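Participant: can you look at this prediction? I've put the sequence above it.
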Amino acid sequence: MSTWYPLIKHLHLSLVALSIAGFVLRYIGGVCQFAWVQGRFARIAPHVVDTFLLVAGVSLAFVLSLNPLTEPWLGTKLGLLLLYIGLGAITLKRAKTPMTRLLFFVAAVAVFGQMIGVAVRQDTLGWFA
């Protein structure tokens, strides 16, 4: 294992926490109609955080010699990531009513939680294993 592994893993986990915190805060800010949600920082920062998160994840996979095509749990995690991105986009941009926004928000957070379960257990069933 590389000497870079602990640093990259810590960075990845920190960015995971920052990413979900930002998503939750933007949801709450949108529901409460806070002006900062429409500001430049709130629109750009999540993309920066998520880009670094993806780079850290790819770096971890490289350092650990993991391939999503040969490690089913990693492929599942990437699929869940795409689902989370879609649900998050609907939550923050496309949902028309407060109830649909809430339902998509809950679904996005649940998918995020399952992504964590898949990563922690290294099993495609995640928390359900």
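Facilitator: Done, it's in.

Participant: which strands and helices sit next to the biggest helix by length in the chain?
Facilitator: In the chain, taking DSSP state H as the definition, the longest helix is helix 5-31. Under the contact criterion of 3 or more Cβ pairs under 8 Å, 6 or more residues apart in numbering; DSSP states H and E, helix 5-31 touches helix 40-63, helix 98-121. Where you see a C-beta, it was placed from the backbone N, CA and C, and this is true even at glycine.

Participant: quick one: buried residues of the first one?
Facilitator: Along helix 40-63, the positions that meet the burial threshold by neighbour count (16 or more other Cβ atoms under 10 Å) are 42, 46, 49, 50, 52, 53, 56, 57, 59, 60, 61, 63.

Participant: also the last one?
Facilitator: Neighbour-count burial for helix 98-121, with 16+ other Cβ under 10 Å as criterion, is recorded at 101, 104-105, 107-109, 111-112, 114-119.

Participant: pull the contacting residues for the residue lying closest to residue 4 once chain neighbours are set aside.
Facilitator: In space, and not counting its chain neighbours, residue 4 is closest to residue 63: 5.8 Å by Cβ to Cβ, 6 or more residues apart in numbering. Neighbouring residues of residue 63 by Cβ atoms under 8 Å, 6 or more residues apart in numbering: 1, 2, 4, 5, 8.
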